[in-house]
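[1] sequence-free structure coming up:
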């Protein structure tokens, strides 16, 4: 498969980057083609531009500034997102990637009556979200009901790529883990990705 790996963490020796390298290695070893979109490394701007917003409901979305990212998303059979969960949401840079790249004419089409949107990411067959959280699992699961997972599964993939199989791996209490505990989590990532076909 053609796999797009999107990394959204500013610190290159963070747990997220360790997990991203593990995922990339597993995908390559399994024979997949891998494209890497490191949002901080490329200085991706998360802010929707005036032109992008003004064209959002026009005949054609102005994707000129994000065409490369859009082309990568449209050509992907599989998507791996690696990011920290901050305040039980996405880092701003990743939220901006969704705002600007998962746009009309790219990830979906508006209905003529502005009713339910029509999906466009028909090629996307698999998606894996890999995230780190400072909180324990019970806070994410029982208090907040896994908000990041719900947004990814229902709002983004559910509407733009409804045939895509979605999985999520969450590393809890990430600030307090030893390197060997992070490596153990990386083994889980590799087990999941070696099953992709």
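    Cool, the structure landed. Being a predicted model, the structure only gives us computed values, none of them experimental.
[2] which secondary structure element of this protein has the lowest mean pLDDT?
    Sorting the helices and strands of the chain by mean pLDDT, DSSP states H and E puts helix 137-138 at the bottom, at a mean of 91.
[3] who are the packing partners of that one?
    For helix 137-138, not one helix or strand is in contact under the criterion 3 or more CB pairs under 8 Å, 6 or more residues apart in numbering; DSSP states H and E. Quick note: C-beta positions are derived from backbone N, CA and C, even for glycine.
[4] tell me which residue lies nearest the centroid of the protein.
    residue 81 (3.4 Å; CA atoms, centre = their mean).
[5] for that one, give me its contacts.
    Going by CB atoms under 8 Å, 6 or more residues apart in numbering, residue 81 touches 6, 8, 94, 127, 128, 129, 130, 131, 152.
[6] neighbours around the closest residue to residue 105 other than its chain neighbours, how many?
    Of all residues not flanking residue 105 in the chain, residue 61 sits nearest, at 4.5 Å (CB to CB, 6 or more residues apart in numbering). By the measure other CB atoms under 10 Å, the count of residues near residue 61 is 22.
[7] ok, now the one 10 residues further on?
    Using other CB under 10 Å, residue 71 is surrounded by 14 other residues.
[8] which secondary structure element contains it?
    helix 67-75 (DSSP states H and E).
[9] which strands or helices does that helix pack on?
    Looks like helix 67-75 contacts strand 2-7, strand 33-38, helix 92-101 (3+ CB pairs under 8 Å, 6+ apart).
[10] which one of these is the most hemmed in?
    Mean neighbour count (mean count of other CB atoms under 10 Å) peaks for strand 2-7 among those, with a mean of 22.
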